[in-house]
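*Asks:* Structure here, sequence nowhere to be found:
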């Protein structure tokens with residue numbers, strides 16, 4: 001269990017693998033070891049250079065929004081929740097970035113890990129978020145968050161016009177710099 005928790009994140013994988021090899025085969029096949037291996041596989045599937053993993057979820061009005069709607073645009077998939085204070089603070093930065101780069105072809109797809117529809121809608125309105133927002137209202141069991149191996153929020157993935165993940169977990173400054181690089185060419 002400890003190895004699966006401490007050595008599941010990028011940068012710690014090889015050390016965790018080395019420790020696992022020192023343990024008996026029954027532990028190497030335990031549910032914790034299997035979970036760690038599954039999460040590492042998921043993380044590897046959303047590394048920069050990999051194609052965006054498609055998904056669709058309901059927006060605030062109950063209409064499906066598909067990632068394929070963003071093909072040909074540079075966009076950010078932003079995982080957040082109304083109850084997450086760091087997320088709400090980051091929304092202020094994202095709003096500035098959105099207004100700065102939207103006319104150049106940048107968009108955002110917000111994916112909420114909320115489970116309360118009214119709190120989700122209230123946060124969107126309060127933060128004045130103009131971009132598409134989706135959620136399946138299953139909290140941490142959100143299907144898109146599971147697909148992208150999201151274990152903390154805020155978390156984001158920057159997708160280029162070709163539908164390829166170019167970066168993840170960007171700070172506001174890193175996102176702005178990357179967008180200048182991608183959109184000001």
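*Replies:* Sure, I can see it. None of these values were measured; they are calculated from a predicted model.
*Asks:* Can you report how many residues lie near residue 22?
*Replies:* For residue 22, the count of nearby residues is 9 (other C-beta atoms under 10 Å). For every residue, glycine as well, the C-beta is placed using N, CA and C.
*Asks:* ok, now residue 21?
*Replies:* Using other C-beta under 10 Å, residue 21 is surrounded by 8 other residues.
*Asks:* go on, the one 10 residues further on?
*Replies:* Using other C-beta under 10 Å, residue 31 is surrounded by 9 other residues.
*Asks:* Quick check, pLDDT for it.
*Replies:* The predicted local distance difference test score for residue 31 is 85.
*Asks:* Would you quantify the distance from it to residue 1?
*Replies:* According to C-beta to C-beta, to the nearest Å, residue 31 stands 9 Å off from residue 1.
*Asks:* With residue 28 instead?
*Replies:* Looking at residue 28 against residue 1, where the rule is C-beta to C-beta, the gap reads 13 Å.
*Asks:* Check residue 122 too.
*Replies:* From residue 122 over to residue 1 (counting by C-beta to C-beta), the distance is 38 Å.
*Asks:* and if you look at residue 69?
*Replies:* For residue 69, the distance to residue 1 (C-beta to C-beta) stands at 41 Å.
*Asks:* Helix, strand, or coil at residue 166?
*Replies:* Secondary structure for residue 166, judged by DSSP: H, G, I helix; E, B strand; the rest coil, is strand.
*Asks:* List the contacts of it.
*Replies:* Neighbouring residues of residue 166 by C-beta atoms under 8 Å, 6 or more residues apart in numbering: 48, 49, 158, 159, 160, 178, 182.
*Asks:* What of residue 73?
*Replies:* By C-beta under 8 Å, 6+ apart, the contact list for residue 73 reads 105, 106, 107, 161.
*Asks:* Number of residues surrounding residue 128?
*Replies:* As a burial measure, residue 128 scores 9 neighbours (other C-beta under 10 Å).
*Asks:* And the residue nearest the centre of this protein?
*Replies:* For the chain, the residue sitting closest to the mean C-alpha position, by C-alpha atoms, centre = their mean, is residue 156 at 4.1 Å.
*Asks:* how about it, secondary structure?
*Replies:* The three-state label for residue 156, taken from three-state DSSP, comes out as strand.
*Asks:* Kindly report the same for residue 161.
*Replies:* Per three-state DSSP, the local secondary structure of residue 161 is coil.
*Asks:* Just give me the neighbour total for it.
*Replies:* Neighbour count of residue 161, defined by other C-beta under 10 Å: 15.
*Asks:* Hmm, residue 74 and it touching each other?
*Replies:* Yes. In terms of C-beta atoms under 8 Å, residue 161 counts as a neighbour of residue 74; the distance is 5.5 Å.
*Asks:* got the angle between the longest helix along the chain and strand 155-159?
*Replies:* Scanning the chain for the longest helix, with DSSP state H as the assignment, gives helix 85-101. When axes from the mean of the first three to the mean of the last three C-alpha atoms, to 10 degrees is applied, the directions of helix 85-101 and strand 155-159 differ by 20 degrees.
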